[in-house]
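**Q** Everything below, folded, please.
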Amino acid sequence: MDSQHRPSPDSEQQTTSRKHRRGIGGIGWGIIGAVFFGSLLAIGILPRLSQKSELQAAVKEASTVPSVNVIAPRRATGATKLELPGSVVAQNQTTIYARSTGYLRRWYADIGDRVRAGQLLAEIDSPDTDQQVLQAKAEVVQAQANVSQTRANLAKSVSDLKQARANLLIARQSWQRWQVLVKEGAVPQQDADTKYATYQANLASVEAAQNTINSDSANIKAAQANAYASQANFQRNTVLQSYKKVTAPFAGVITARNVNTGVLISAGNGNTSSSTSNTNTSNSSLYTIAAYDNLKVNVSVPQSLSQSLQTGQTAQITVKELPQRVFTGKVVRTSNAIDPTTRTLLTQLEVHNSDATLRPGMYANVRFAINRTNPPFVVPDSALVVNAGGTQVATVTKDHTVHYQKVAVGRDYGTEVEITSGLTGNESLIATPTVDETEGLRVQPVAQTK
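**A** Numbering: from 1, shown residues only. Here you go, the predicted structure:
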C-alpha cells in the first residue's frame, strides 16, 4: 500500500522542476516591477532637478548681469512750430553824398522827418560851379560862331569855284578859237599861246577853289565837333550845378544828418560837422535815409530745417516792445547757401509797415509753421552721451550687449532733443547711461514704462 502511494522518481523530478520555475518567475517579476517604478521615479524627479539647475544658473547670472532701463526712439510730429530770432532792416536804405563842392547854404530836413521822393533836403552855395557853367556857356557860343564862320567860308569857296569854272570855260573856248585862227594865218601864234596860258591859269584857279572847299568842309566838321564838345561840357557843368540842390532819392525817413549851415563840402568826400557837435569832423555823407513802408526781417534758419522753407511761405513776427501786435511776414528770398560757420541759411522776409510801427534795427521773434515730410526721431536728453567721440547714445543690441552709436542732434526741446541722423527707430536705448555701461558690456534690458 505504501508502495502504491510513493511517488515515482520521475514524478519527484517534475515537481522539483516546477518549484524551481515558480521561484525564478517571482524574481523576474520583482525585477521588472523595480525597473518600472524606477523609470516613473526618474521621469518625475529628473526634470525637476534640471529645472532647479537652470533656475539656479539664471539666478546666478541675474545676480552678475546688471539691469538697465531701455526706451525706444519715437518720431517727431510732422507739423511743428519753429521760432527763431530775427533782425528788422530797412527795405531800402542809403546815404546821400554831395556831388557839388561849396558851402552849405541851408538844410531843410532833420532826423526823424518823413520826406517824399525828390524833396529838397539841402542847398549848397557853389560859386566855382556857377563860374564853370558860365564859361562853358561862352565856349558853346564861341564854338557855334566858329561853325557859322566856317560855313560862310565854305559858301564863299563854293561861289569862287563856280566863278573859276566859268572863267575856265571862257578861257578854253577862246584858246580853241585862236588855234583855228592860227591855222588859217589870221592871227600870230604868240596870241594863241597867250590864250593858252590864260586857259591854264583858270584851270589852276578851279583846282585851288576845289581844295579850298575841301578844306572848308573839314573845318566845318572840326568846328561842329568842337561845338558838340562845348555843348557836352556845358551840360555837364549844368548837371553839376543842379547838384547844389540835394534831394531825396525816394520816400522815407531821415535817420541821420551830418551837415550844418556854412560847412565846407567837397564833392564825394569832405569835411562836415556833426549835427550834435560844433567841431568839424570828417564825414563823406550828408544824410542817411531809409524807407519804412516795407521792411525786411533777416532770419538764420538751421540747416536741418532749411529744406522745409519755401518762397512765399508766411510767418508770424512779434516784437517784445509791442506785445499786442502780430505782424505777418512773407519769405521773399534766401541766400541759397549754408553758412559754413553757423550752418544756417540766411532767409529774408518782407513785412508791410505802412504805419511805421516797426523800425529798422529791432530784434524780432519769427515763428514758422513747418510741415516736415520726414520728421526726425526724438529722445530724452538724458539718453545722450557727449565725450571725445562726439554726441552718442547707448544702445542694447540683440545679444544684450552695450553699443555706443554716434548721432547728430537737431532741435532742443529742453527735456527732449531731436536726432537728425544716426538712428533707424528700431534701437533700444539706455534711458540714462552711466560710466559703468562700457562698450560691449552684457546687460539685462528692462523696458521703461512711462
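
**Q** Going along the chain from the helix or strand that contains Ala218, find the next helix or strand for me.
**A** In this assignment (DSSP states H and E), Ala218 forms part of helix 189-242. Where DSSP H and E defines the elements, the next helix or strand beyond helix 189-242 is strand 245-247.

**Q** Report all helices and strands that that following strand contacts.
**A** strand 120-125 (3 or more CB pairs under 8 Å, 6 or more residues apart in numbering; DSSP states H and E). Where you see a C-beta, it was placed from the backbone N, CA and C, and this is true even at glycine.

**Q** ok now the helix or strand following the strand it packs on, how far from the chain's centre?
**A** Downstream of strand 120-125, the first helix or strand assigned by DSSP H and E is helix 127-184. In terms of CA atoms, centre = their mean, to the nearest Å, the centre of helix 127-184 is set 69 Å apart from its chain centre.

**Q** Next, the angle from helix 127-184 to helix 189-242.
**A** Angle between the axes of helix 127-184 and helix 189-242 is 170 degrees (criterion: axes from the mean of the first three to the mean of the last three CA atoms, to 10 degrees).

**Q** So Ser306 lies in a strand, does it not?
**A** No - secondary structure of Ser306 (DSSP: H, G, I helix; E, B strand; the rest coil): helix, not part of a strand.

**Q** Is the residue nearest to it when sequence neighbours are not counted within a helix or a strand, and which one?
**A** Spatial nearest neighbour of Ser306, chain neighbours left out: Leu345 (4.1 Å); criterion: CB to CB, 6 or more residues apart in numbering. Assessed by DSSP H and E, Leu345 sits inside strand 344-352.

**Q** Identify the residues contacting that strand?
**A** For strand 344-352, the external contacting residues (CB atoms under 8 Å, 6 or more residues apart in numbering) are 86, 88, 91, 293-303, 306, 309, 315, 317, 327-335, 337-339, 358, 366.

**Q** Drop anything exposed from those.
**A** Buried by 16 or more other CB atoms under 10 Å: 86, 88, 91, 293, 295-302, 306, 309, 315, 317, 327, 329, 331, 334, 358, 366, out of the contacts of strand 344-352.

**Q** What about the residue lying closest to Val407 once chain neighbours are set aside, how many residues nearby?
**A** Spatial nearest neighbour of Val407, excluding adjacent residues (CB to CB, 6+ apart): Gly422 at 3.2 Å. Gly422: 17 surrounding residues under other CB atoms under 10 Å.

**Q** ok, now which ones touch Gly422?
**A** If you count contacts by CB under 8 Å, 6+ apart, then Gly422 has 393, 405-408 around it.

**Q** Of the residues you listed - the most surrounded one?
**A** Val407 (24 neighbours).

**Q** In this structure that residue contacts Val417, no?
**A** No - in this structure Val407 lies outside contact range of Val417 using CB atoms under 8 Å: 9.4 Å.

**Q** Mutual contacts of those two, please.
**A** Taking CB under 8 Å, 6+ apart as the contact criterion, the common neighbours of Val407 and Val417 are Leu384.

**Q** Distance check, Thr395 against Val379.
**A** According to CB to CB, to the nearest Å, Thr395 stands 11 Å off from Val379.

**Q** which neighbours do the two share?
**A** Between them, Thr395 and Val379 share the contacting residues Leu429, judged by CB under 8 Å, 6+ apart.

**Q** got the end-to-end distance for stretch 109-127?
**A** Using CA to CA, to the nearest Å, the end-to-end distance of stretch 109-127 comes to 23 Å.

**Q** least trustworthy helix or strand in this protein by mean pLDDT?
**A** Scoring the helices and strands of the chain by mean pLDDT, DSSP states H and E places strand 280-283 at the bottom, with a mean of 40.

**Q** what packs against the very next helix or strand once past that strand?
**A** Using DSSP H and E, the helix or strand that follows strand 280-283 in sequence is strand 287-302. Strand 287-302 sits against strand 79-96, strand 252-257, strand 322-338, strand 344-352, strand 363-371, with contacts defined as 3+ CB pairs under 8 Å, 6+ apart.

**Q** at 10 Å what do you get?
**A** strand 79-96, strand 114-115, strand 120-125, strand 252-257, strand 314-319, strand 322-338, strand 344-352, strand 363-371 (3 or more CB pairs under 10 Å, 6 or more residues apart in numbering; DSSP states H and E).

**Q** could you dump the ones you listed to CSV with distance to Asn233?
**A** Shown next, in CSV, are the helices and strands packed on strand 287-302 (distance: least, CB to CB, whole Å):
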stretch, distance to Asn233
strand 79-96, 26
strand 114-115, 33
strand 120-125, 21
strand 252-257, 34
strand 314-319, 53
strand 322-338, 44
strand 344-352, 45
strand 363-371, 52
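
**Q** Which one of the contacts of Gly422 is nearest to Ala209?
**A** Nearest to Ala209 out of the contacts of Gly422 is Ala408 (CB to CB; 95.1 Å).
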